[in-house]
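Asker: have a look; sequence and predicted model below, questions after that.
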Amino acid sequence: MKIKHIISLIAAIFLASTPVAAAPVTIKAHLDSAYILMGKQTAINIDIVQDKGVTGHFITNNGDTLTREVEVIKNYAPDTTSLSNDREEIIRKVIIQSFDSGLYTLPPYVYVVGNDTFSTTPLALKVMPVEVDTLQTIHDYAGVADPNTKLWDYLPDFVVDYWWIMLVIAFIVLLVAIWLAFFKGKKRADFAPKQKPIPPYELALQQLDRLKSEKLCENGLEKEYYTRLTEILRNYLDSRFGINAMEMTSSQIIRQINSNAEAKPSAPILNRILEMADFVKFAKVRPLPDENATAFNNAVKFIEDTKPAPVEDENNDDENNESTQKSTK
């Protein structure tokens with residue numbers, strides 16, 4: 001028994017050390033269609049079965065033609081599929097075309113693996129002619145067709161040929177016109193006499209005169225009248241003293257006026273106007289005509305009392321000094 005085991009072990013080692021012969025490579029080729037019309041295409045399918053890891057290459061039929069009459073249109077990349085652990089299948093597709101009728105024998109594809117050469121069997125391709133009308137039948141003339149005209153068909157040739165030049169010229173003209181308009185407008189603005197700004201107190205008096213001429217109280221619009229009156233005063237305080245009165249309540253405005261030494265003496269007059277306006281706007285009080293007139297006169301007085309003192313011109317002062325010196329001499 002021991003001798004049998006030893007013999008079996010030696011035989012297994014011998015078989016394992018003996019290289020296994022590689023399986024043979026098989027290559028086949030067939031046409032999708034052996035009959036085609038002139039100008040049509042068909043495909044040659046090349047099927048290779050070999051061991052995995054084997055590297056081979058074709059030594060024939062790699063150009064643009066198979067024969068003088070049959071052209072190669074496209075060679076697709078090979079598609080490899082695994083058949084088992086050791087074998088694989090490679091499929092290669094070649095598109096061919098012919099414009100000459102006849103029966104052609106396509107040469108075999110030769111595939112080389114190492115020192116071994118394998119080839120496909122030659123293929124037969126029948127290219128059939130296309131029937132051509134030899135004018136044995138006379139056809140009628142086609143009817144008159146309406147031309148598919150477009151807008152530019154009605155334009156002169158020079159417009160169609162040089163439209164882009166005209167577009168560039170129009171764009172340049174537009175730029176020049178815009179520049180001239182801007183330059184002239186700026187020039188006029190530079191040489192135009194600048195208007196002297198209206199002093200705040202004069203503007204406020206003009207607005208009060210306009211308000212008086214509208215006769216709102218006489219028409220029963222006391223609330224609108226006092227709203228306009230206080231707005232005129234608030235704007236005057238903003239431009240005259242820098243008090244943002246439009247965003248303040250009446251009490252806040254009076255506090256700001258009392259803190260201003262120049263406006264503080266007139267604070268009671270403004271306080272009476274604001275109190276009456278608050279009664280009319282919020283308590284819906286309808287004052288008497290005399291009260292409306294008093295409020296208006298107080299507004300005028302407040303503006304007159306708080307307007308800035310006139311500034312004497314230095315030139316006038318110099319002239320006065322010169323005249324005084326001459327008179328003393």
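Answerer: Cool, the structure landed.

Asker: distance from the lengthiest helix in the chain to the middle of the chain?
Answerer: Longest helix in the chain, counting residues (DSSP state H): helix 163-191. Relative to the centre of its chain, helix 163-191 is centred 28 Å away, using C-alpha atoms, centre = their mean, to the nearest Å.

Asker: which helices and strands does it pack with?
Answerer: Where contact means 3 or more C-beta pairs under 8 Å, 6 or more residues apart in numbering; DSSP states H and E, helix 163-191 is not packed against any helix or strand. C-beta: built from backbone N, CA, C; applies to glycine.

Asker: could you identify the helix or strand that succeeds it?
Answerer: helix 200-214 (DSSP states H and E).

Asker: show residues contacting that next one.
Answerer: 198, 225, 228-229, 232-233, 235-236, 239-240, 296, 299-300, 303-304, 306-308 (C-beta atoms under 8 Å, 6 or more residues apart in numbering).

Asker: kindly report the same for stretch 253-273.
Answerer: Counting by C-beta under 8 Å, 6+ apart, 229-230, 233-234, 237, 241, 243, 245, 248, 250, 274, 295, 298-299, 301-302, 305-306 sit against stretch 253-273.

Asker: where does the stretch 101-250 of the chain dip in pLDDT?
Answerer: Across the stretch 101-250 of the chain, the ranges flagged by pLDDT under 70 are 132-139, 152, 185-194.

Asker: next one: the spatially most central residue of the chain from residue 304, what distance?
Answerer: Geometric centre of the chain, nearest residue: residue 171, 23.3 Å, by C-alpha atoms, centre = their mean. Separation of residue 171 from residue 304 (C-beta to C-beta, to the nearest Å) stands at 61 Å.

Asker: again with residue 259
Answerer: Residue 259 is 22 Å from residue 304, by C-beta to C-beta.

Asker: just the pLDDT for residue 99.
Answerer: Listed pLDDT for residue 99 reads 90.
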